[in-house]
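> 3D model of this:
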Amino acid sequence: MNTSSSSLARAGVGMFSIVLGVVLLLMVGALVTADRALSSASREAAAVDALESSRLFEQIVAQQIAAMNVFRAPLALTDDRSGQLERLATSYSRTAPGLRDLTIVDSAGRVLYGPAPTATGPAAAIVHSEITLTAGRDSLVVLAVPLSSEGRSLGAAVGRFDVRHLFAAALDTTPETRARLVLASGRDTILDLGARGAISLAWQSAKLRVPGATWSLFVGHAQRSQILRITLWTLGLVAVLVFGGGVLRERSQALRVAERSAELERLSSELLRANRMKSEFLANVSHELRTPLNAIVGFVDLLRDGVYGELSTRQAPPVERIAASATHLRHLVDQVLDIAKIAAGRLEVHAETIVLRPFVLNVVSELEPLITERGLNLSIAVGASLPRVRTDPTHLRQILVNLIGNAIKYTPAGGIAVRGRLTGLPASAGARTTLQEDPALLNRSPDRRKTWIALQVIDSGIGISPSDQDRIFDEFEQVNAGPRSDSMERGTGLGLAISRRLARLLGGEISVESQPGKGSTFTIWLPVSPADIPVESPEQPVSQQGAAV
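Residues are numbered from 1 along each chain as shown. Modelled structure (predicted):
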């Protein structure tokens, strides 16, 4: 144990050293790459700043245009509009950022408020033009907004703004690394802020679309790559020291990991043993439950047969209910016993050579009263010429009873069919026999290299959705199980799980094909030995399909 732990510890330390070397190489490569990428980081920061600042500038202009549209209401009045116009103009002048003066003209170009708009041309031309924002002198910009209502010109509002105060909201959101900002209209500079003598700046530009023109916005960001490089190399050295300490720490933990692995293996073996003991206990308890249940069923049968006297009309129904419940309980105990025996590996297989057609007819005849009682049609197509199979008849009978019982339970109307088909016949055997096989089943067989008999139980019932077709074979899983109060109809969810395990125990498999509302087809795949394939052809071969019953 100590030798094994030491070996594992040394292996762990060696692996960690290799990982450490790889990490260090990657770190050096990352530092070099980051050193080259720092300059591009400054350009990216400047590009983001230029784009965001241009959006803010455009929003500010849009806000002022929307604010000036408030003058449409008094201009639309035919009389007594001077008072309302005066109040709105005074209120707007107090709130508009950077407004130097405001001029309002009517549709005829007459000035109703403020000075004459000489900076923008004749007043009549302003009224009938588009919204414009033009650069003036002394760091001023002029915003002219024609006002109209329902296609009718009402006038115009013209404001002269100080550039810095107008765009103060955008200029206040200055990133830390921004060193300079320039706003230009063509070759004319409208605004220039920042350190003009700064060198080594990362410049980026963005278009500022304002009414009547397209301005350009330039931002320059200072590069701080030297500081970041020192920071990165410092962090790299710290990381090397940390990884070195990790190697020393790994030496002490390697032994703990080895011991923990051994402990986990021991716990895993104990869990497997406990699970096996649980299965054996469940099998033993289920077996012990059979004795009193058999006694109950036996004495109930004696009561029904009148051994202890004739039952009155009041006594007969309770006795019948006791008999049905006892039989149902015995069936559940048998299922639990079977699943426990399979899990514990204690279920035995007694293989016999059987002929399928009489075997299937015998099993179906036992369930035929239930099918008739539900008003369902029954057909059997199991050919007499099918080869014999070597299997356990008891287990195969249990599988068939489970599948046909489920078909009866979940088929409210229509019919049930039991069909036998041959698939995967070897080429050498095909030349020596007249048996017919079904090539459509070949792709669905568990192993295309083997010969199989596909014994199918087909119903026209409610069907199973594709998402549920896998889990119905799990233990205690049910689809459309019914109310919990009706235990006889609900069942335990073990029938299909037992059937699939029994089929695999017999060397076969169970598969399902179904669509909701269109019924289901459960297929039992039974392996056929090449020795059981008949060599000589009969004089009058019987069709494999058989006659429908």
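
> where does this structure have its least confident helix or strand?
Scoring the helices and strands of the chain by mean pLDDT, DSSP states H and E places helix 487-490 at the bottom, with a mean of 50.

> now the helix or strand following it, how far from the centre of its chain.
Using DSSP states H and E, the helix or strand that follows helix 487-490 in sequence is helix 495-505. On the basis of C-alpha atoms, centre = their mean, to the nearest Å, helix 495-505 sits 31 Å off its chain's mean C-alpha point.

> and helix 495-505, what other elements does it pack with?
Under the contact criterion of 3 or more C-beta pairs under 8 Å, 6 or more residues apart in numbering; DSSP states H and E, helix 495-505 touches helix 316-344, helix 393-409, strand 509-514. C-beta: built from backbone N, CA, C; applies to glycine.

> can you add mean neighbour count and give those back as JSON lines?
Shown next, in JSON lines, are the helices and strands packed on helix 495-505 (neighbours: other C-beta atoms under 10 Å):
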{"stretch": "helix 316-344", "mean neighbour count": "16"}
{"stretch": "helix 393-409", "mean neighbour count": "20"}
{"stretch": "strand 509-514", "mean neighbour count": "18"}
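
> nearest to R290, out of the ones you listed?
Minimum separation from R290 across the helices and strands packed on helix 495-505 (C-beta to C-beta) falls at helix 316-344, 6.2 Å.

> report all helices and strands that the closest one contacts.
So helix 316-344, by 3+ C-beta pairs under 8 Å, 6+ apart, packs with helix 225-304, helix 487-490, helix 495-505.

> between the ones you listed, which gets nearest to D459?
Closest among the helices and strands packed on helix 316-344, using C-beta to C-beta: helix 495-505, at 13.9 Å.

> what angle do that closest one and helix 316-344 make?
40 degrees (axes from the mean of the first three to the mean of the last three C-alpha atoms, to 10 degrees).

> got the angle between helix 495-505 and strand 509-514?
Using the same axes, to 10 degrees: helix 495-505 against strand 509-514 is 140 degrees.

> what about P446, how many residues close to it?
17 (other C-beta atoms under 10 Å).

> cool, and the one 5 residues further on?
Residues within reach of T451, counting by other C-beta under 10 Å, total 22.

> list the residues that contact it.
Applying C-beta atoms under 8 Å, 6 or more residues apart in numbering to T451 gives the contacts L422, T423, G424, L425, P426, A429, P527, V528, P530, I533.

> what do you get if the cut-off is 7 Å, keeping everything else the same?
Counting by C-beta atoms under 7 Å, 6 or more residues apart in numbering, T451 makes contact with G424, L425, P426, V528.

> what about it, distance to G405?
29 Å (C-beta to C-beta, to the nearest Å).

> my guess is L441 meets A454, correct?
Yes. The criterion here is C-beta atoms under 7 Å, and L441 meets it with A454 at 5.1 Å.

> more neighbours, those two?
Each of L441 and A454 has its neighbours counted (other C-beta under 10 Å); A454 has more, 24 against 18.

> can you get me a residue count around the nearest residue to the more buried one once chain neighbours are set aside?
Using C-beta to C-beta, 6 or more residues apart in numbering and skipping residues adjacent in sequence, the residue nearest A454 is R421, 4.7 Å away. By other C-beta under 10 Å, 21 other residues sit near R421.

> quick check: R421 is in a helix.
No. Under DSSP: H, G, I helix; E, B strand; the rest coil, R421 falls outside any helix and is assigned strand.

> need the pLDDT of it.
We have a pLDDT of 90 for R421.

> who does the helix or strand encompassing A202 pair up with?
For A202, the host element (DSSP H and E) is strand 201-210. Strand pairing for strand 201-210, using DSSP bridges, gives strand 213-222 (antiparallel).

> what sits up against the partner strand?
Against strand 213-222 from outside (C-beta under 7 Å, 6+ apart): 42, 45-46, 49-50, 53-54, 57, 133-134, 177-185, 190, 198, 201-208.

> just those residues: which are in strands?
Mapping these onto strands (DSSP state E) picks out 133-134, 178-185, 190, 201-208.

> dump the residue contacts of V349.
D392, H395, L505, L506.

> gap between the last one and Q63?
This means L506. 82 Å.

> who's more crowded, those two?
Taking other C-beta under 10 Å, L506 and Q63 do not tie; L506 has more neighbours (21 against 13).

> can you count the residues close to the closest residue to that one other than its chain neighbours?
Leaving aside its chain neighbours, L506 sits nearest to T391 (5.1 Å; criterion: C-beta to C-beta, 6+ apart). The tally of other residues near T391 (other C-beta under 10 Å) stands at 26.

> with L400 as the reference, measure out to T391.
12 Å.

> next, F359: secondary structure please.
Going by three-state DSSP, the secondary structure assigned to F359 is helix.

> low-confidence ranges in the stretch 401-549 of the chain?
Where the stretch 401-549 of the chain drops to pLDDT under 70, the residues are 427-436, 477-492, 535-549.
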